[in-house]
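**Q** Fold the following, please.
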Amino acid sequence: MDFEQFFFGEKRRCIVGGVELKREPVALVSGVTGQDGSYLSELLLKKGYMVYGLDRRKADASRSNIKHLLGNEHFKVLDGDLLEESRLNSIIKMIRPDELYHLAAQSFVKASWDVPLYTCNVNALSAYNINYKHEYQILTHKRFDFWINGIVLEVKKSRPSKINLLNQLDRYTKVPAVRAIIVVLEKNITISKQLNGKPIIVKSLNENWGVAL
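**A** Below you'll find the model as predicted:
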């Protein structure tokens, strides 16, 4: 039983024929081709880990940041995308990581606003495994960017008209199933923190990070 648990279970040590065997800890690093991912991998390897890096197929094909690690027998790169839940599950079942370091993201600010829904999907919702629905239509002519158990997440590129935004939020907050609304903007708009008795949270790049495109 100890021998089976050592190779196929959670045990990291077992005694076979009077000899103690130790299995190295396993780490899974997403965003491994980035600067931080490569530095972290180097550190983990020095500490005796078996490191698996998760690399999106459309990422930097040259893998320049990790070229010096590719020949290391304790370092392996696996193809995977944060949006491919089944692939991620199969990787975790296969390598059984002791530790998971999540560094992958849409990290280019301008590009993130060229594809705001994709960015929100990758950087926030999928990363935290939140159960959500995209382009969720609850009633005729009412389609939400993201629906998370009664919470509406709306992502707006650039700076929409304040009147149009308030009219949209007014319609949404009148839907009984809506509990709250989060609005993500590139540039800040000051609006009431509550509408029709429901909380409104506004987050913007220039307000929180001093960035405006």
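
**Q** lowest-pLDDT helix or strand in this structure?
**A** One helix or strand of the chain scores below all others by mean pLDDT, DSSP states H and E: helix 2-8, with a mean of 40.

**Q** Run the chain-centre distance for the helix or strand hosting Val29.
**A** If you go by DSSP states H and E, Val29 is part of strand 26-30. In this view, strand 26-30 has its centroid 14 Å away from the chain centroid, taken as C-alpha atoms, centre = their mean, to the nearest Å.

**Q** ok, now stretch 185-198?
**A** The answer for stretch 185-198 is 25 Å, by C-alpha atoms, centre = their mean.

**Q** average pLDDT for it?
**A** If you average the pLDDT over stretch 185-198, you get 87.

**Q** what comes up buried for that stretch?
**A** 185-187, 189, 195, 198 (16 or more other C-beta atoms under 10 Å). The C-beta positions use only the backbone N, C-alpha and C, and glycine is treated the same way.

**Q** for these, which one is nearest Ala177?
**A** Lys198 (10.9 Å; C-beta to C-beta).

**Q** Distance of that closest one relative to Pro176?
**A** Per C-beta to C-beta, to the nearest Å, Lys198 is found 10 Å from Pro176.

**Q** same check, this time on Tyr52
**A** For Tyr52, the distance to Pro176 - C-beta to C-beta - is 46 Å.

**Q** So for the two, which residue has more residues nearby?
**A** Set Tyr52 next to Pro176 and count neighbours by other C-beta atoms under 10 Å: Tyr52 wins out with 24 against 8.

**Q** now the helix or strand harbouring the more buried one: mean pLDDT?
**A** Assessed by DSSP H and E, Tyr52 sits inside strand 50-55. The pLDDT scores in strand 50-55 average 92.

**Q** Pro172 and Phe144 touch, don't they?
**A** Careful, residue 172 is Tyr and not Pro. Yes. Counting by C-beta atoms under 8 Å, Phe144 is a contact partner of Tyr172 at 7.2 Å.
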